[in-house]
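Trainee: Take this sequence and fold it.
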Amino acid sequence: MKKVSSILWGIVLIAAGVVLALNVFNIMDINIFFDGWWTLFIIVPCAIGLFTEREKTGNIIGIAVGVFLLLCCQDILSFSMLWKLLVPAIIVIIGLKMVFTGLFGNKANEIIAKIKQNGGETKVGCATFSGCDLNYDGEVFEGAELTATFGGVKCDLRNAIIEKDCAIQVSAIFGGIDIFVPDNINVKVSSNCIFGGISNKTSVHKDAPTIYISGTCMFGGVEIK
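Mentor: Residues are numbered from 1 along each chain as shown. Take a look at the predicted model:
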């Protein structure tokens, strides 16, 4: 993904340089400082993020915000209408994400449900106005449910025994969750975020077990390292 991001940013910079050069030689007359040009600093990074980042919802919302601001600067919309339209647009985007998640299934929820149906138990970590530190060194790990409400949860799986696909359900509401995973594990994320997000800094490994992570972030965040 880093290579794709570098290529896309390179294309953007080359295009900007070419336009500036053509303007200097009077071959073209493109005003790059049009009304609302600064909104491109919101729109372009979010557009690139759609191709380079695993979680798309935040980038889609960012593009929506940038486009609405640009339309206001171009006097197509008024700033008084901005919040009236922007809030419903964000709600619709989040709603669509939830619908698609429901239609196409959620692997993490399926794994957790299967563990409980078979009489197994998932690890539970909950921090409410406090902190919670979970360490699974030498333990067989199949699934966990982590909740941080005005608090923080740290889940260390780096030395856990992961023999097959497993799952983690997360909920971060005005709180944060840090998940540390082994280097030879895949991580797939499915989330619904409102003014929050999930950051997945892991790499892809072929033919390796996968940790499926799903959950909700509201004014909170989850970081997977």
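Trainee: Would you mind pulling up the elements that the strand or helix carrying C46 packs against?
Mentor: Taking DSSP states H and E as the definition, one finds C46 inside helix 40-52. Packing contacts for helix 40-52, counted by 3 or more C-beta pairs under 8 Å, 6 or more residues apart in numbering; DSSP states H and E, involve helix 2-24, helix 57-73. The way it works is simple: take the backbone N, C-alpha and C, and place the C-beta from them, glycine included.
Trainee: Pull out the buried residues from that helix.
Mentor: Within helix 40-52, the residues scored as buried using 16 or more other C-beta atoms under 10 Å are L40, I42, I43, V44, P45, C46, A47, I48, G49, T52.
Trainee: what's the closest of those residues to V87?
Mentor: I42 (17.0 Å; C-beta to C-beta).
Trainee: Highest mean neighbour count out of the helices and strands packed on helix 40-52?
Mentor: Among the helices and strands packed on helix 40-52, helix 57-73 has the highest mean neighbour count (mean count of other C-beta atoms under 10 Å), at a mean of 19.
Trainee: Any idea which of the buried residues of helix 40-52 the model trusts least?
Mentor: The lowest pLDDT within these belongs to T52, with 69.
Trainee: Now do the contacts for the residue found closest to L85 once you drop the neighbours it is linked to in the chain.
Mentor: Excluding the flanking residues, the one nearest L85 by C-beta to C-beta, 6 or more residues apart in numbering is F68, at 6.5 Å. Taking C-beta atoms under 8 Å, 6 or more residues apart in numbering, we find F68 in contact with L77, L82, L85, L86, A89.
Trainee: of these, buried ones?
Mentor: L77, L86.
Trainee: Report the two of the contacts of F68 separated the most.
Mentor: Among the contacts of F68, L77 and A89 lie farthest apart (C-beta to C-beta), at 11.8 Å.
Trainee: In CSV: the helices and strands packed on helix 40-52, plus mean pLDDT and distance to V189.
Mentor: CSV is the format used below for the helices and strands packed on helix 40-52 (pLDDT from 0 to 100; distance: least, C-beta to C-beta, whole Å):
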stretch, mean pLDDT, distance to V189
helix 2-24, 77, 18
helix 57-73, 83, 11
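Trainee: export those helices to JSON lines and tack on distance to N159?
Mentor: Shown next, in JSON lines, are the helices and strands packed on helix 40-52 (distance: least, C-beta to C-beta, whole Å):
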{"stretch": "helix 2-24", "distance to N159": "27"}
{"stretch": "helix 57-73", "distance to N159": "31"}
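Trainee: how close does V124 get to V170?
Mentor: 12 Å (C-beta to C-beta, to the nearest Å).
Trainee: More neighbours: these two, which one.
Mentor: V170 (26 against 12; other C-beta atoms under 10 Å).
Trainee: Report the contact partners of the more buried one.
Mentor: L146, T147, I177, I179, S191, I198, I213, S214, G215, T216, C217, V222.
Trainee: run the last query once more with 6 Å
Mentor: Contact partners of V170, counting by C-beta atoms under 6 Å, 6 or more residues apart in numbering, are L146, I177, G215, V222.
Trainee: How about I42?
Mentor: By C-beta under 6 Å, 6+ apart, I42 lies in contact with G62, G66.
Trainee: Distance of it relative to A148?
Mentor: 28 Å.
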